[in-house]
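*Asks:* Next input, structure requested:
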Amino acid sequence: QVQLVESGGGLVQAGGSLRLSCAASGSIFSINTMNWYRQAPGKQRELVAGVSSGGSTNYADSVKGRFTISRDNAKNTVYLQMNSLKPEDTAVYYCNCNVKSAPHPGSWRDYWGQGTQVTVSS
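*Replies:* Predicted coordinates for the structure are as follows:
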């Protein structure tokens, strides 16, 4: 079983910064992509940013130039540095990882964190 634990959310004023962290634990053999999604009230969950095992990154157009995703493979942790935050960034942010783990080491499976609230005031 794999657990993803997120931290770093909170309340910040527009223009401020926050750094989210997501640590994966359990009987992990390998982690492929690590992603951050978000879901605002009344809206669908959307992909914010992703990073591959090789370090390639992709971002939603709405956050390009403001957010930076990174990962520490030794710690099985993914980060999301969020700068120049806007009220429209307010949402619950979820970590998502594609993992090979026991008891199914031959297959990739998706796991989700519990979510962390980010609120940006104007």
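*Asks:* When you work out contacts or count neighbours from here on, use the C-alpha atoms and nothing else.
*Replies:* Noted.
*Asks:* Show me what the helix or strand hosting R109 is packed against.
*Replies:* Assigning secondary structure by DSSP states H and E places R109 in strand 104-112. Contact analysis of strand 104-112 by 3 or more C-alpha pairs under 8 Å, 6 or more residues apart in numbering; DSSP states H and E lists strand 2-7, strand 91-101 as its packing neighbours.
*Asks:* do that again at 7 Å, thanks
*Replies:* Packing partners of strand 104-112 (3 or more C-alpha pairs under 7 Å, 6 or more residues apart in numbering; DSSP states H and E): strand 91-101.
*Asks:* could I get the strand it packs on in CSV with only the CA atoms?
*Replies:* The C-alpha trace of strand 91-101 is given here as CSV (Å, rounded to 0.1, in the frame of the first residue of the first chain):
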residue,chain,number,x,y,z
ALA,A,91,-8.6,25.3,-4.6
VAL,A,92,-7.9,22.0,-2.9
TYR,A,93,-4.6,20.8,-4.3
TYR,A,94,-4.1,17.0,-4.7
CYS,A,95,-0.9,15.1,-5.2
ASN,A,96,-1.1,12.2,-7.7
CYS,A,97,1.6,9.6,-8.3
ASN,A,98,2.0,6.7,-10.7
VAL,A,99,3.7,3.9,-8.7
LYS,A,100,4.9,0.4,-8.8
SER,A,101,4.6,-1.1,-5.3
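*Asks:* helices or strands up against it?
*Replies:* On a contact count with 3+ C-alpha pairs under 7 Å, 6+ apart, strand 91-101 meets strand 28-39, strand 104-112, strand 116-121.
*Asks:* Can I get those in TSV including distance to N96 and mean pLDDT?
*Replies:* As requested, the helices and strands packed on strand 91-101 are exported to TSV (distance: least, C-alpha to C-alpha, whole Å; pLDDT from 0 to 100):
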stretch	distance to N96	mean pLDDT
strand 28-39	5	97
strand 104-112	5	90
strand 116-121	12	98
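*Asks:* Mind checking the ones you listed for the one nearest to S7?
*Replies:* Of all the helices and strands packed on strand 91-101, it is strand 116-121 that lies closest to S7, at 6.6 Å by C-alpha to C-alpha.
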